[in-house]
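[1] Here is a sequence together with a model predicted from it:
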Protein chains: 2
Amino acid sequence: MTHLPGPIDPPARLLMGPGPISAYPSVLRAMGAPLVGQYDPFMTATMTETQELYRQVWRTRNDATLLIDGTSRAGIEAAILSLVRRGQRVLVPIFGRFGHLLKEIAERALAEVHTIEVPWGEVFPVSMIREAIERVKPHLVACVQGDTSTTMLQPLDEIGEICRAHGALFYTDATASLGGNPFEMDAWGLDAATAGLQKCLGGPSGSAPISLSDRAVEVVRSRARVEAGIREEGDAEAIDFIRSNYFDLAMILDYWGPRRLNHHTEATTMLYGARECARVLLLEGRDEVIARHRLHGDAMLAGVEGLGLRVFGDVAHKMTNVVAVEIPDGVVGDAVRAELLDDFGIEIGTSFGPLHGRVWRIGTMGYNARKDAVLTTLAALETVLRRHGASVAAGGGVEAAQGVYGAATPAGAAG
Amino acid sequence: MTHLPGPIDPPARLLMGPGPISAYPSVLRAMGAPLVGQYDPFMTATMTETQELYRQVWRTRNDATLLIDGTSRAGIEAAILSLVRRGQRVLVPIFGRFGHLLKEIAERALAEVHTIEVPWGEVFPVSMIREAIERVKPHLVACVQGDTSTTMLQPLDEIGEICRAHGALFYTDATASLGGNPFEMDAWGLDAATAGLQKCLGGPSGSAPISLSDRAVEVVRSRARVEAGIREEGDAEAIDFIRSNYFDLAMILDYWGPRRLNHHTEATTMLYGARECARVLLLEGRDEVIARHRLHGDAMLAGVEGLGLRVFGDVAHKMTNVVAVEIPDGVVGDAVRAELLDDFGIEIGTSFGPLHGRVWRIGTMGYNARKDAVLTTLAALETVLRRHGASVAAGGGVEAAQGVYGAATPAGAAG
């Protein structure tokens, strides 16, 4: 590089893919706030305050509710590595790409991993999960709540009780779903849950909210290991320790807890961002934000159908915040995506594995779960599809979406 | 929480501890920039551009120069977990708290860890490291460059050659030193190096710059494993795979490299911040920034001595950017720190383990390697020390620091 580039200056983008999506403006503002020291009373108070905000987001009383400094998969790895010992049985119901990720991470932890699968575009009937739990007798059931690769939302409300009855811990990855879909940590009997900011929470990737039940904390604590550099007399040193320092939840809990024992240096700017994501959500109201995701998700669904496109998967079990649209025959999916981005500044996504090039994924989440974002995307998509030779109903997308907004209660429509 | 807290509003702080320190204003501004999609051409171009900026920061031609999404210890763990197989010998020269951390992380990787130690406040003579390498025959030598716990800077320039002669890989943790002290990745024969943003680079914690030599990449690649969810025919699946998905450098290299194979979702805001940290440094000039750290570090050193305080450790081997000051007899170190923070908004640090409560650590790094920051800290420290009954020379700190500035060349003094 012979000359230096200028200050960062991103192009205008309306991010309507499966995430990351455009952050709430107030989250971006929060992330420009000045830093404070690691043990400044303001810093520790902000950590404590953020924990309380996320208890409301997760709907839990879990004391062990905090952030992992990394992207959403850092949260997944922290949960699985800390909860699972070598050789323990883990059951992973797989209904999309991120189920494979849970399996992969559990394998890295040297667990004995058992899987069950349904075709992409479907979710599991609870009976199928119950049968697998009875058969496998897992130490941990690890299940994605919403898998963006297929847009499916797995119902979790009955699984916790089954896990409890069979002595299994119950973990879910709610990265894609939290904030935009119902989630009840305590009522559903979850022992561990993790997420990221870059979907319905409307922030950037890089901080992973996590919550652990007392039962999960007990498992984690039994494997505690204190760093030699800061170890004091009497600290336990478990033999079957967690095979990671960075993801050792016992140490991370001691840093977030009253002992404030030094571990990593908390990522202050990401903390500010995560705090604001939760604050924005709770200010609007948790149920109101879910209802807003449902409204605009329904409008987008009606809109793409109004354009004459087919929707992929079991729509009755779709997440509120993303829809998978089959790419019409004869249309090159990536060419449409490129034109939407270049000419309209709008991003939509494709998918992974068996769905790559077969579907587009269109998100309506966080800040972009908005009427103008939905209608603009539908209008632009119609234009681009026509240019690519697809037969689309003129104005059909916007009109169908407007129909959903017209039918909504004024309070909902105002979102 | 019955009512919600307001937007984040941190108190004014001058962070003169061992880090994190106050970020450069332009870094904070960069982190408020809007997000773009994960595979937006602007995003991938920004990743590539940031790699090139960090090659200049590290002084390397290493293609494998990138960021790990996590704090500085995430970088350490990524390097060690990816380079070291179970049972391989790792040599860790320990001269402070962060040497213990390298040992601890290598133990988590189930390495056979050998250590050598010098008392806190000293560095290793190269002969001692050579002797240990000849005796242990390690696969990897892992050594901190600058250990903030003692303020010592280990000379690394001769160790690479010894490692090469004995077939060992050479890794250093430069978190506390990079940017403010000489560093020559290629000339010193380093195979791996990691850092964080929150010290001399003048950014927030949460992103870990890393660079790997071709030799190190070869070791990492030999352990590659592709995620099942995105695996294609013909991808290798190594048996002795890396025991972490998040820190699997082979996968991370494929994400940052031309394949752009999906792994985590890059933390966009941290990327913007990391990019600006490097840009600010290179705009001023790499050598000029090191000289500025040396100037203001010298001024702070002269200043605390001018107050009649004793400096801890081998000053000839001190990092430029932090000084350890012995707490005078009869003075309660934490009470002085609290008063500095409460009355003056200035933070200084204490240390860990054997030095906890025995020394203060005063940093002059990144944005705060500035004359006004140095003089303000010395004036406030004098006032507080006197209130706590210590005998201090009136005006002695500021005067001694001014003496250093007066003697400096105008170019240096202008920093």
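    Perfect, thanks for sending it.
[2] Now do stretch A:315-335: distance to the chain's middle.
    19 Å (CA atoms, centre = their mean, to the nearest Å).
[3] How about it and chain B, touching?
    No - figure legend: stretch A:315-335 not in contact with chain B (CB under 8 Å from any CB of the partner chain); closest approach 10.6 Å. (Glycine included, C-beta is placed from N, CA and C.)
[4] Now do that stretch, average pLDDT.
    Mean pLDDT, stretch A:315-335: 97.
[5] Show me which residues of it are buried.
    A:317-328, A:333 (16 or more other CB atoms under 10 Å in any protein chain shown).
[6] Turn the residues you listed into a markdown table, including secondary structure.
    A markdown table is the format used below for those (DSSP: H, G, I helix; E, B strand; the rest coil):
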| residue | secondary structure |
| --- | --- |
| A:His317 | helix |
| A:Lys318 | strand |
| A:Met319 | coil |
| A:Thr320 | coil |
| A:Asn321 | coil |
| A:Val322 | strand |
| A:Val323 | strand |
| A:Ala324 | strand |
| A:Val325 | strand |
| A:Glu326 | strand |
| A:Ile327 | coil |
| A:Pro328 | coil |
| A:Gly333 | helix |
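[7] Out of those residues, which two are the most distant from each other?
    Across the buried residues of stretch A:315-335, no pair lies farther apart than A:Thr320 and A:Pro328, at 24.7 Å, counting by CB to CB.
[8] Find the closest residue to chain B in the stretch 251-400 of chain A.
    Nearest residue of the stretch 251-400 of chain A to chain B (CB to the nearest CB) works out as A:Ala267 at 2.9 Å.
[9] biggest helix in chain A, by residue count?
    If you go by DSSP state H, chain A has its longest helix at helix A:286-306.
[10] In CSV, list the C-alpha atoms belonging to it.
    Coordinates of each C-alpha in helix A:286-306 appear next as CSV, following Å, rounded to 0.1, in the frame of the first residue of the first chain:
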residue,chain,number,x,y,z
ARG,A,286,-40.5,-7.1,24.3
ASP,A,287,-43.9,-8.3,23.1
GLU,A,288,-44.3,-5.2,20.9
VAL,A,289,-41.0,-5.9,19.2
ILE,A,290,-42.0,-9.5,18.5
ALA,A,291,-45.4,-8.3,17.2
ARG,A,292,-43.6,-5.8,14.9
HIS,A,293,-41.4,-8.6,13.5
ARG,A,294,-44.5,-10.7,12.9
LEU,A,295,-46.3,-7.9,11.1
HIS,A,296,-43.5,-7.0,8.8
GLY,A,297,-42.6,-10.6,8.3
ASP,A,298,-46.2,-11.3,7.3
ALA,A,299,-46.1,-8.3,4.9
MET,A,300,-42.9,-9.5,3.3
LEU,A,301,-44.3,-13.0,2.9
ALA,A,302,-47.5,-11.7,1.3
GLY,A,303,-45.4,-9.4,-0.9
VAL,A,304,-43.2,-12.1,-2.4
GLU,A,305,-46.3,-14.3,-2.9
GLY,A,306,-48.0,-11.3,-4.5
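[11] Which helix or which strand is home to A:Asn245?
    Assigning secondary structure by DSSP states H and E places A:Asn245 outside every helix and strand.
[12] near chain B, which residues of the stretch 301-415 of chain A show up?
    Residues of the stretch 301-415 of chain A lying close to chain B by CB under 8 Å from any CB are A:341, A:347, A:349, A:352-353.
[13] hmm, try it at 6 Å
    Selection of the stretch 301-415 of chain A residues close to chain B by CB under 6 Å from any CB of the partner chain yields A:347, A:352.
[14] Quick check: which ranges of the stretch 301-415 of chain A have low pLDDT?
    Along the stretch 301-415 of chain A, segments meeting pLDDT under 70 span A:409-415.
[15] which stretches of chain A form strands?
    Taking DSSP state E, the strands of chain A run over residues A:14-15, A:64-68, A:89-94, A:112-117, A:140-144, A:146-147, A:152-153, A:169-173, A:192-194, A:208-212, A:322-326, A:346-347, A:359-363.
[16] Pull up the pairing partners for the third one, direction included.
    The strands beside strand A:89-94 in its sheet (DSSP bridges) come out as strand A:112-117 (parallel), strand A:140-144 (parallel).
[17] Off-centre distance for that strand?
    From the chain centre to the centre of strand A:89-94 is a distance of 19 Å (CA atoms, centre = their mean).
[18] Could you tell me the angle between that strand and strand A:169-173?
    40 degrees (axes from the mean of the first three to the mean of the last three CA atoms, to 10 degrees).
[19] quick one: contacts of strand A:89-94?
    Strand A:89-94 has contacts (CB atoms under 6 Å, 6 or more residues apart in numbering or on different chains) with A:84, A:99, A:102-103, A:106, A:111-117, A:124, A:129, A:132, A:136, A:138-143.
[20] Point me to the residue of the stretch 101-250 of chain A nearest chain B.
    Counting by CB to the nearest CB, the stretch 101-250 of chain A gets nearest chain B through A:Gly206, at 2.9 Å.
[21] Enumerate every residue touching that residue.
    A:71, A:270, B:69, B:267, B:270.
[22] Let's see the pLDDT reported for it.
    For A:Gly206, the pLDDT comes out at 98.
[23] And the residue of the stretch 51-200 of chain A that's closest to chain B?
    In the stretch 51-200 of chain A, the residue that lies nearest chain B is A:His100 (3.4 Å; CB to the nearest CB).
[24] neighbours around that residue, how many?
    Look at A:His100: counted by other CB atoms under 10 Å in any protein chain shown, it has 23 neighbours.
[25] residue contacts, A:Ile348?
    Going by CB under 6 Å, 6+ apart, A:Ile348 touches A:16-17, A:337, A:360, A:362.
[26] same question, A:Leu67
    The contact partners of A:Leu67, by CB under 6 Å, 6+ apart, come to A:207, A:209, A:274.
[27] A:Met270 is in contact with the first one, correct?
    What it means is A:Ser207. Yes - with contact defined as CB atoms under 6 Å, A:Ser207 and A:Met270 form a contacting pair (4.1 Å).
[28] who's more crowded, those two?
    Legend: neighbour count by other CB under 10 Å for A:Ser207 and A:Met270, higher for A:Ser207 (35 against 31).
[29] and the residue nearest the centre of chain A, what is it in contact with?
    Nearest to the centroid of the C-alpha atoms of chain A, with distances taken as CA atoms, centre = their mean, sits A:Thr175, at 1.3 Å. A:Thr175 sits next to A:72, A:195-196 when contact means CB under 6 Å, 6+ apart.
[30] redo that, cut-off 10 Å
    A:19, A:71-73, A:75-76, A:98, A:101, A:144-148, A:193-201, A:205, A:208-209, B:265 (CB atoms under 10 Å, 6 or more residues apart in numbering or on different chains).
[31] Just give the closest residue to it, not the sequence neighbours.
    Of all residues not flanking A:Thr175 in the chain, A:Ser72 sits nearest, at 4.1 Å (CB to CB, 6 or more residues apart in numbering or on different chains).
[32] about what we covered before: report the set of residues contacting both of A:Ser207 and A:Met270.
    With CB under 10 Å, 6+ apart, A:Ser207 and A:Met270 have common neighbours A:67, A:69-70, A:197, B:69, B:206, B:267, B:269-270.
[33] taking those residues one by one, which sit in helices?
    In this view, those that belong to helices under DSSP H are B:269-270.
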